[in-house]
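Asker: One predicted model, sequence on top.
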Amino acid sequence: MAKRKRLTPALIGRGDEGLTGAIEPDRDRSPIARVAAETATEAAFAEVTHALTEAREDGRLIAKLPLEAIETGHLIRDRIAFDGEDMATLKASLQARGQQVPVEVVALEQDGRYGLISGLRRVMALREIGAGDVLALVRQPDTSADAYLAMVEENEVRAGVSFYERARLVAEATRMRLFGSVPETVRALFIHASPAKRSKIIAFVKVHEELGQALRFPTSIPERTGLALSKAMAADAGFAPALAAALEAQPAGDPGEERKRLEAALASPATRKTAKAPKPKPREIAPGLTIEEARRRITLRGPALTKDLTEALIDWLETRK
């Protein structure tokens, strides 16, 4: 009789004996998984690209730019003098820790050039220590007025800008007709300032307009002295011309001397009256049109001063900038 072959029962845990090599994945599901992974990757990449583009357009992306490509004269600066000790401290910090706060710039029409909006001290300090690059936020202000506002707001936060420097910027912005009159310009540029502070800036505008050319150290004028000068000018038309003539004839050697001379002029009302400049007489320059000349100011009057003539005169003056 033939012997029956005995069957051995399968042993649990040994079902993979005899298999070699890697186990291939299910070929039916591989394309779906691959497509899903690629789709997720593309979506993530698109999201990152959109976020970077949006950040760049909003001026939130910090760029490393060549220092030589920065035009510091793009805007009329509100800061015209730097404290030597503060600059030395800033340069030491930049050398020790690098630039911690980016400056603000705007891309100019000239390829590869950028106009500085804010951060003049940092740019000047970086140049003085021989740096080659500057970290910057590339802004896109809608108008020149927005660029000036950004500059003022940054400096107001960081402080250190004198009343005279603020007033000088207001006078220049008014001349450029960015916002309107002096009070309108002050309200626009110093929107968060108190009414009292705005009033003081307006007072210093008068000081800048009447004495700016004669002063050698205007940023050193104390607040109280500047306000007193503005008040004296309003009360006496001859005060500013006489004081300016005296300062120009004998310029001060240092801020302290100039301040003492300003205070002395304020304390001598009798001298102001005797030194009062003669009131200019108007003269006729055309039928129905007279001109009155004063220090750094002319006044046109008469029936011939029409709107068309005024606009033509403004256009002519703008071509001479």
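Answerer: All right, it came through fine.

Asker: what about the residue nearest in space to the middle of the chain, distance to Arg97?
Answerer: Most central in the chain under C-alpha atoms, centre = their mean is Met151, positioned 2.0 Å from the mean C-alpha point. Met151 sits 25 Å away from Arg97, taking C-beta to C-beta, to the nearest Å as the criterion. For every residue, glycine as well, the C-beta is placed using N, CA and C.

Asker: can you check Ile80 too?
Answerer: Ile80 is 28 Å from Arg97, by C-beta to C-beta.

Asker: So for these two, which residue has more residues nearby?
Answerer: Remark: of Ile80 and Arg97, Ile80 carries more neighbours, 14 against 8, as counted by other C-beta atoms under 10 Å.

Asker: Stretch 254-274: which residues count as buried?
Answerer: For stretch 254-274, the neighbour count (16 or more other C-beta atoms under 10 Å) marks 258-259, 262, 265-266, 272 as buried.

Asker: swap that for stretch 133-141, please
Answerer: Those buried within stretch 133-141 under the rule 16+ other C-beta under 10 Å are 134-139, 141.

Asker: Now, the buried residues of stretch 254-274 that are in helices?
Answerer: Taking DSSP state H as the definition of helices, the buried residues of stretch 254-274 contribute 258-259, 262, 265-266, 272.

Asker: Output the below-cut-off pLDDT ranges for the stretch 201-321 of the chain.
Answerer: Scanning the stretch 201-321 of the chain for pLDDT under 70 picks out the ranges 269-280, 294-296, 320-321.

Asker: Return the backbone torsion pair for the closest residue in space to Met176 that isn't next to it in sequence.
Answerer: Spatially, and ignoring its direct neighbours in sequence, Met176 is nearest to Ser144 (7.7 Å; C-beta to C-beta, 6 or more residues apart in numbering). Backbone geometry at Ser144, expressed as degrees, to the nearest 10, gives phi -60, psi -40.

Asker: Contact partners for Ser144?
Answerer: 75, 176, 178 (C-beta atoms under 8 Å, 6 or more residues apart in numbering).

Asker: So the last one belongs to a helix, correct?
Answerer: In this case it means Leu178. No - read with DSSP: H, G, I helix; E, B strand; the rest coil, Leu178 is coil and lies in no helix.
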